[in-house]
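> Mind looking at a prediction? Sequence and model below.
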Amino acid sequence: MQLTITTVDYAPEELYDQIPFKVEMLRELPGPDRPDYWLARLETPIRWLDNNIERRIRYLVLAARWQGTCIEPGVENLPVGIAYVTDDSLLDDEEVAFEKCRYVAIGISTETEGGRQPRKLTQVISGSIGKAFGTGKSS
């Protein structure tokens, strides 16, 4: 599955200039606090300034930001937490080790497998959250 991250917030300054970016979802990984993190490979590495040292990030750990949502085929404009993989040994691990990645941003993601293009974001609140606020469809 391929996701495109179309926007970011609360991110390192240099990340704003690198959106949108595409990732290939490699596999789901459990973590110490939840079972549904995803390991993803960036189509093009991201430049990151870590304590004034430039690094190239090739892998991310992603997780759906809101309870009751998940990263799955067909997802559209889904808020996700984004962490940079800082130790590539995480690629062989059976679960997420937080000391091997750094949480950096909130992003909006859309599944773009097969050339599908993200639609313009017009509404973030949907599902049970949207229903509670009276703004979204019930899912």
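Great, that's in hand.
> check which helix or strand covers the most centrally placed residue in the chain.
Taking CA atoms, centre = their mean, the centroid of the chain lies closest to Leu62, which sits 3.9 Å from it. When secondary structure is defined by DSSP states H and E, Leu62 falls within strand 53-64.
> coming back round to it: tell me how far the residue nearest to the centre of the chain lies from Asn51.
Leu62 is 24 Å from Asn51, where distance means CB to CB, to the nearest Å. In short, each C-beta sits where N, CA and C put it, glycine included.
> if we look at stretch 81-89, which residues are touching it?
Outside of stretch 81-89, the residues that reach it under the criterion CB atoms under 8 Å, 6 or more residues apart in numbering are 5, 8, 11, 39, 46, 48, 57-65, 91, 97, 99-107.
> Can you turn the buried part of the residues you listed into a ChimeraX selection?
This is how ChimeraX selects the buried members of the contacts of stretch 81-89, with burial counted by 16 or more other CB atoms under 10 Å:
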select :5,8,11,39,46,48,57,58,59,60,61,62,63,64,100,101,102,104,105,107
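> For this protein, which segments are assigned as strands?
Assigned by DSSP state E, the chain shows strands spanning 2-9, 21-29, 37-50, 53-64, 78-85, 101-111.
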